[in-house]
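Got a predicted structure plus its sequence, pasted below:
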Amino acid sequence: MIYPQPFSGKRNLIGILGGGQLGRMLALAGYPLGLRFRFLEPSPDSPGGQMAEHIVAPYDDPEGLRRFTAGLTVATYEFENVSVAAAHHISSRTALYPPPAALAASQERLVEKTLFHKLEIPVPSFYAIDSSDSLKSAVEKVGLPSVLKTRRFGYDGKGQKVLRTSEDVGTAWEELGGKPLILERFVSFDREVSLIAVRSRTGETAFYPLVENHHRDGILRLSLAPAPDLLPTLQAQAELFANKILEELDYVGVLAIEFFQQGDRLLANEMAPRVHNSGHWTIEGSETSQFENHLRAILGMPLGSTRSVGLSAMVNLIGDLPRVDSVLKIPGAHLHLYGKEPRPGRKIGHVTIRSDSEADLQLRLAEMHELVRAEP
Ligand code: AMP
């Protein structure tokens with residue numbers, strides 16, 4: 001047996017690197033299974049740290065890491081900018097999933113796109129950019145518009161710029177800080193979709209239905225699940241691509257992959273080796289949530305069913321909190337607050353609206369959007 005029995009009295013202790021809302025929702029999903037949690041998070045007040053034992057230390061602090069790993073059943077992480085060196089250090093002391101190789105691939109856009117390309121997963125054409133001159137010659141090949149992105153530490157649309165004119169090209173290298181970059185063809189997609197996949201330590205896999213995602217200013221605002229008008233062939237394509245990555249990396253845990261859909265074709269944009277914002281709807285909208293399945297996977301337990309329960313719409317609460325009583329009045333609305341202070345651009349919670357009919361879901365979603373729009 002891979003794991004001590006959760007109900008045997010010797011309870012499993014799960015270590016989570018990072019104390020954000022994803023860690024908090026992992027803990028919330030794990031308590032019914034009799035699991036205990038410990039967070040390593042430098043910030044003294046964090047959504048995860050409010051829920052469980054909390055070690056306040058930098059991620060690369062040797063003493064913090066020693067205290068963090070002592071007595072763990074298994075360790076995992078809830079954000080992908082954990083240093084690969086710290087991940088290797090932890091995996092020398094305790095089981096760590098997803099594997100550090102997945103971190104390395106997802107932290108660097110060039111490495112990530114090269115991996116997709118090697119696995120014959122379609123991607124927008126891309127070039128490595130290391131100077132203003134290499135940018136000019138890549139733009140000649142890719143054409144305009146195109147998208148220039150920093151290779152590392154890009155998230156929620158930060159560290160990227162759409163190049164539309166030759167003036168944009170002239171200033172872009174300096175604007176993005178003269179760091180290693182990647183230039184991608186601009187994809188005029190029909191919509192953005194994402195797949196949440198999960199693979200257990202035993203090799204068992206499961207996939208949630210593709211979700212349709214809407215971003216504004218690079219931040220996810222709305223997910224519709226399952227994606228409306230989802231064709232089985234599109235789902236099969238996404239699962240085929242996910243399987244290739246899961247096998248290549250000998251992956252364990254939840255993996256999220258974001259795609260651009262163009263007609264009946266998918267182009268991979270990026271992946272995240274963790275539970276993902278576009279999977280929050282699974283808490284109410286699936287038989288087993290992404291959070292519970294991540295925990296099952298890293299413990300080597302059987303995976304739970306990913307069958308959808310009706311239709312879901314997930315709305316992120318960003319910057320401001322709408323009136324809580326008004327949200328709770330919407331039938332089928334489930335409010336999740338992360339214990340964070342409201343601040344412009346900050347994800348402070350989300351609401352999942354679940355319904356059995358499309359028309360009803362749209363009605364309730366319109367009510368929700370009124371509340372979010374009503375914010376100053
Ligand atoms: P990313 O940080 O790569 O997820 O990009 C943030 C958002 O920018 C995506 O969700 C898309 O809406 C948009 N975007 C990124 N890359 C491209 C591209 N190559 N073509 C068109 N839009 C893009």
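Yep, that arrived.

so which strand or helix has H54?
Secondary structure from DSSP states H and E places H54 in strand 53-55.

list the helices and strands that strand packs on?
If you count contacts as 3 or more CB pairs under 8 Å, 6 or more residues apart in numbering; DSSP states H and E, strand 53-55 packs onto strand 36-40, helix 62-69. (Each C-beta comes from the backbone N, C-alpha and C, glycine too.)

Let's have the ones you listed in a markdown table, adding mean neighbour count, distance to the ligand and mean pLDDT.
Formatted as a markdown table, these follow (neighbours: other CB atoms under 10 Å; distance: least, CB to the nearest ligand atom, whole Å; pLDDT from 0 to 100):
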| stretch | mean neighbour count | distance to the ligand | mean pLDDT |
| --- | --- | --- | --- |
| strand 36-40 | 24 | 26 | 97 |
| helix 62-69 | 16 | 29 | 95 |
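
Save these as CSV, and put in distance to G203 too.
Shown next, in CSV, are the helices and strands packed on strand 53-55 (distance: least, CB to CB, whole Å):
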stretch, distance to G203
strand 36-40, 26
helix 62-69, 26
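
Which among these is found nearest to N269?
N269 lies closest to strand 36-40 among the helices and strands packed on strand 53-55, at 29.4 Å (CB to CB).

Can you list the strands that the closest one pairs with?
strand 13-17 (parallel), strand 53-55 (parallel) (DSSP bridges).

Which residue ranges of the stretch 151-300 of the chain form helices?
For the stretch 151-300 of the chain, applying DSSP state H, counting those that start in this stretch gives helices covering 166-175, 232-248, 282-285, 290-299.

highest average neighbour count across those?
Comparing the helices of the stretch 151-300 of the chain on average neighbours per residue, with mean count of other CB atoms under 10 Å, the densest one is helix 290-299 at a mean of 26.

Can you tell me which helices and strands that one packs against?
Helix 290-299 sits against helix 21-30, strand 74-77, strand 191-199, strand 253-262, helix 282-285, with contacts defined as 3+ CB pairs under 8 Å, 6+ apart.

between the next helix or strand after the second one and helix 62-69, how big is the angle?
Pointing back at strand 74-77 there. Counting by DSSP H and E, the next helix or strand C-terminal to strand 74-77 is helix 84-91. Counting by axes from the mean of the first three to the mean of the last three CA atoms, to 10 degrees, helix 84-91 lies at 50 degrees to helix 62-69.

Name the residues that touch helix 84-91?
15, 17, 59-60, 65, 68-69, 75, 77, 96, 99-100, 103-104, 107 (CB atoms under 8 Å, 6 or more residues apart in numbering).

Max pairwise distance over those residues: which two?
It's T69 and Q107 that sit farthest apart of those, by CB to CB, at 21.5 Å.
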